[in-house]
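Chemist: Got a predicted structure here, sequence first:
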Amino acid sequence: DSAMLSGAADIVAKRQKSGKRPKTYGDYRTLLKENKLDLVLIATPDHRMHAAAANRNINTGGQARQICDDDYRSFDMILTMDDENLLNVRNMAPTGESPAEIRPFCDFVTGSTSTEVPDPYYGGPKGFETVLDLLEDGCASLLEHVRNQVAN
């Protein structure tokens with residue numbers, strides 16, 4: 001939606017030395033009418049993940065968004081799926097005290113030695129099953145961890 005698109009453009013601007021905010025489009029046809037294109041990035045959900053999740057009766061609805069400064073103060077824990085995200089999330093953390101503990105999701109995975117949740121796109125159909133295995137395992141352990149934290 002437009003709020004997500006705007007937020008993504010803000011993040012790109014912050015990472016540019018020039019601070020220049022990229023032009024955004026809600027409709028790619030408008031973009032294609034322009035003659036000066038440097039880069040086009042169009043992201044769509046991968047239907048294979050939805051199919052693999054549906055086979056396990058997992059609802060894949062929801063909406064992703066970029067992490068923001070408020071998240072570091074609002075949440076007790078922020079989980080990342082891979083080492084690159086872990087580094088980025090730690091580097092983006094606002095200076096000063098924030099209660100959020102930042103850690104890899106795979107810290108909660110007990111049935112695998114994986115330290116990262118892999119990108120399923122490169123693993124073919126089995127790649128999506130592997131990701132779902134890790135998520136189910138890690139979520140069960142995470143729930144137990146949270147229950148223990150609340151009890152103490």
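Modeler: Yep, that arrived. Numbering: from 1, shown residues only.

Chemist: okay, CA-based contacts and neighbour counts for the rest of this
Modeler: Will do.

Chemist: hang on, Arg103 in a helix?
Modeler: No: judged by DSSP: H, G, I helix; E, B strand; the rest coil, Arg103 forms no part of a helix; its state is strand.

Chemist: correct me, but it touches Asp76?
Modeler: No: taking C-alpha atoms under 8 Å as the definition, Arg103 is not a contact partner of Asp76, at 11.1 Å.

Chemist: which of those two has more neighbours?
Modeler: Arg103 (19 against 12; other C-alpha atoms under 10 Å).

Chemist: give the contact list for the closest residue in space to the more buried one that isn't next to it in sequence.
Modeler: Nearest residue to Arg103, sequence neighbours excluded (C-alpha to C-alpha, 6 or more residues apart in numbering): Leu79, at 5.2 Å. For Leu79, the contacting residues are Leu86, Ile102, Arg103, Pro104, Phe105, by C-alpha atoms under 8 Å, 6 or more residues apart in numbering.

Chemist: residues near the second one, how many?
Modeler: What it means is Ile102. Ile102: 18 neighbours (other C-alpha under 10 Å).

Chemist: Next, work out how far apart it and Gly62 are.
Modeler: 22 Å (C-alpha to C-alpha, to the nearest Å).

Chemist: what about Thr95, how many residues close to it?
Modeler: As a measure of burial, Thr95 has 8 neighbours, counting by other C-alpha under 10 Å.

Chemist: Nice, that's everything, thank you.
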